[in-house]
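Engineer: Here is my input, please return the structure:
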Amino acid sequence: MELSALLAQPIVLPSIPKVIALLLGELDREEPDLRQVSQLISTDPALTTRLLQAANTPFFKLPGKVNSVPEALAILGLSHIRAMAAEAATAASLKAVPGINLQQFWAYSLNVAKLSRSLAGVVRQNQGAAFTCGLIHAVGELVMHVGMAVDIAALDKEVPPLDIKRARAEFKQFGYSYAQVGAAYARRRQFPQAIVDALEHQYAPFENHVYEPLAGIIHLATWRARAREANLSERAMAVTFPGEVGDVLGLDIDMVLQQDPFDWSAYS
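Structural biologist: Below is the predicted model of the structure:
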């Protein structure tokens, strides 16, 4: 399927049912806790995508783009957030995506977001933008599985969706990967250019004269999270570590592994 045809489909990304329920409960209070609202939305890739799309519309005539959930909440009123949450709840019947374990995908995406934020702090990049990029970096994977389920099912059997080699396998078979799909998805929703670039170049951050630090950060965070998903040994991690990306950012394997440890009990 051509990328343009895939993106032309009316695809609704699934949200986390528990997050939607907690968010609606918080918004139903007389005085909702905006910090709690922000934290809830920031755990859900689909909600974050919707919020940033709304905040980056030309309607607000902002001098710059909105990079994170807290920034978006400062612009949008609670009435808009309530409407967005209600819309997400209506679409919550979509509880399955062919070929994707959603619970695993959501936990993995949040882990990448946390790692990205931590790594961004080390190399002095925008931590809010890094968290956003990490959280939604694989949204393109969901779009592909919803919009071209038959085409991608065979690939899932050969290379699982969260495999370290997944992007390469997708590009070989389709001519694009979840990285290009996610970038195009974000571009159509008028996301900040730095986020679009980071999503698009996350697989090969510094090739073809590209230098977008956020892309390198996402690449390293993704490597670490997927290495854990694959239960790689220390030796295997050392072999697969993308040292050329780390060198550009001044990060070695030990520095990456030391950042913001996961709650590994979620994987036991």
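
Engineer: Against residue 10, how distant is residue 179?
Structural biologist: To residue 10, residue 179 is 22 Å away according to Cβ to Cβ, to the nearest Å. Just so you know, the C-beta spots here come from the backbone N, C-alpha and C atoms, and that holds for glycine as well.

Engineer: who's more crowded, these two?
Structural biologist: Between residue 179 and residue 10, counting by other Cβ atoms under 10 Å, residue 179 is the more crowded of the two (26 against 5).

Engineer: Return the per-residue confidence for the more buried one.
Structural biologist: Reading off the confidence values, residue 179 has pLDDT 97.

Engineer: Going forward, count from 41.
Structural biologist: Sounds good: first residue 41 from here, last item residue 219.

Engineer: Please settle this for me: is it part of a helix?
Structural biologist: Yes. Assessed by DSSP: H, G, I helix; E, B strand; the rest coil, residue 219 belongs to a helix.

Engineer: Could you list the single helix or strand in this structure with the lowest mean pLDDT?
Structural biologist: Across the helices and strands of the chain, mean pLDDT, DSSP states H and E gives its lowest value to helix 118-130, namely a mean of 89.

Engineer: Now find how far off-centre that one is within its chain.
Structural biologist: Its chain's C-alpha centre lies 21 Å from the corresponding centre of helix 118-130 when counted by Cα atoms, centre = their mean, to the nearest Å.

Engineer: Could you list every helix and strand that the helix or strand just after that helix packs against?
Structural biologist: On the C-terminal side of helix 118-130, the closest following helix or strand by DSSP states H and E is helix 142-162. Contact partners of helix 142-162 among helices and strands, from 3 or more Cβ pairs under 8 Å, 6 or more residues apart in numbering; DSSP states H and E: helix 167-176, helix 253-269.

Engineer: Could you identify which of the ones you listed is most buried?
Structural biologist: helix 167-176 (a mean of 26; mean count of other Cβ atoms under 10 Å).
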